[in-house]
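Colleague: turn this into a structure:
(one chain, ligands or ions: 1)
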Amino acid sequence: MDRIGFIGLGRMGRPMASNLRRRDFDLIVHDVNAEAMAALAALGAATAVSVAEAAARADVIITMLPNSAIVAQVIQGAEGVLSAARPGSLVMDMSTVDPQTTDAIAADCARRGIGFVDAPVGRLATHADAGQSLFMVGGSAADFARVRPMLEAMGSTIHYCGPAGAGIRTKIVNNFLAVSLCQLNAEALTLATALELDLENTLDVLYGTTASNGQLRVNWLQKVLAGDTSAGFTIDLAHKDLSLILDAADAVRVSMPMGAAARDAFSRARARDFGGKDFSAMLDAHCDAVGLVAPRLPAGSRHRA
Ligand code: NAD
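Modeller: Residues are numbered from 1 along each chain as shown. Model prediction:
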């Protein structure tokens, strides 16, 4: 059985690695945060003091890191994964990064006889906790077959999108809708608050028409509207994704006025210290910007049942 090196044990990586351990995968983990490593060690994972050690002692190296620069440094840097990984091993990056970073890593892996799969993750952090993530996978058929049992241990839905790079490109399109909807929702519910409308009645109407959307129906009910703005997927990471989306669109000469407006709104929220909150807290940021107290559903609300 392939031994897995798992690098990046944050809000997403920690439950994903934990679910691999629960299915008895042989795991060696690394994170710059020692506390994150200790949590996996408690589940029986080995720990590595460096990225290179994790790569040298594993057959498949999974990365789940914040952004393109960190992923490139961890995989391609002087003491990175590729400095230590053996020919015949495989790198699977599951982070959300720009497609150029993915393409450069895939090419570097190919030159060294190392397999490569990009498998960015859809759905929320709570789905990762429950092993119910969705994966968008790019890579050769053989590389996909090799990582498939690992993906099945971490998630419940797997979409094979095409060759290396197709997964991250699919993710870019997905996150345009998933993230931009936060800003549309924020404007709609801020307007409803300013118009002194009842929140529960307003939601009843919005859920019954074509205005309905998954952010409002699933994530917002569990997060901001229930008063929980702790980080599932942060405004900072969502802002990064909107920048990736606009850059990807720019590269193929596609204009995205709604995407640009949403990124600007997320930039303004970060400037006012909302960056570390869940992306549903765009509602709080927008209400704050116009001098309103953000609405919350009462504890016994039919929408919180
Ligand atoms: P996070 O910030 O919670 O976790 C990142 C982890 O990487 C941290 O534990 C950090 O210590 C570690 N790290 C940073 N630099 C490192 C380095 N040089 N070496 C080793 N470890 C390092 O982020 P997250 O929410 O887990 O997101 C990870 C990726 O998944 C991001 O690209 C994000 O866009 C994407 N994503 C997140 C969600 C979500 O809901 N949170 C959903 C889908 C996709």
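Colleague: beta partners of Thr47?
Modeller: Here Thr47 sits in beta bridges with Val29, going by DSSP bridges.
Colleague: burial measure for it, as a count.
Modeller: 16 (other CB atoms under 10 Å). No exception for glycine: its C-beta is placed from N, CA and C like everyone else's.
Colleague: check what pLDDT it gets.
Modeller: If you check Thr47, the pLDDT there is 98.
Colleague: so what's it up against?
Modeller: Residues counted as contacts of Thr47 (CB atoms under 8 Å, 6 or more residues apart in numbering) are 28-30, 37, 40-41.
Colleague: I'd say Leu206 and Ala188 touch.
Modeller: Yes. Using CB atoms under 8 Å, Leu206 is in contact with Ala188, at 7.4 Å.
Colleague: residues contacting stretch 249-257, please?
Modeller: 176, 245-246, 259.
Colleague: widest-spaced pair of those?
Modeller: Phe176 and Leu246 (9.0 Å; CB to CB).
Colleague: can you list the residues of the stretch 1-150 of the chain near the ligand?
Modeller: Within the stretch 1-150 of the chain, the positions adjacent to the ligand are 7-13, 30-33, 36, 51, 64-66, 70, 74, 95-96, 121, 124-125 by CB under 6 Å from any ligand atom.
Colleague: look up phi and psi at Ser133.
Modeller: According to degrees, to the nearest 10, the main-chain angles of Ser133 amount to phi -70, psi 160.
Colleague: excluding chain neighbours, what is closest to Met64?
Modeller: Gly13 (3.6 Å; CB to CB, 6 or more residues apart in numbering).
Colleague: how much space separates Ala281 from the ligand?
Modeller: 13 Å (CB to the nearest ligand atom, to the nearest Å).
Colleague: tell me which residues touch the residue lying closest to that residue once chain neighbours are set aside, please.
Modeller: Leaving out its chain neighbours, the residue that sits closest to Ala281 by CB to CB, 6+ apart is Thr229, at 4.1 Å. By CB under 8 Å, 6+ apart, the residues touching Thr229 are 223, 277-278, 280-281, 284.
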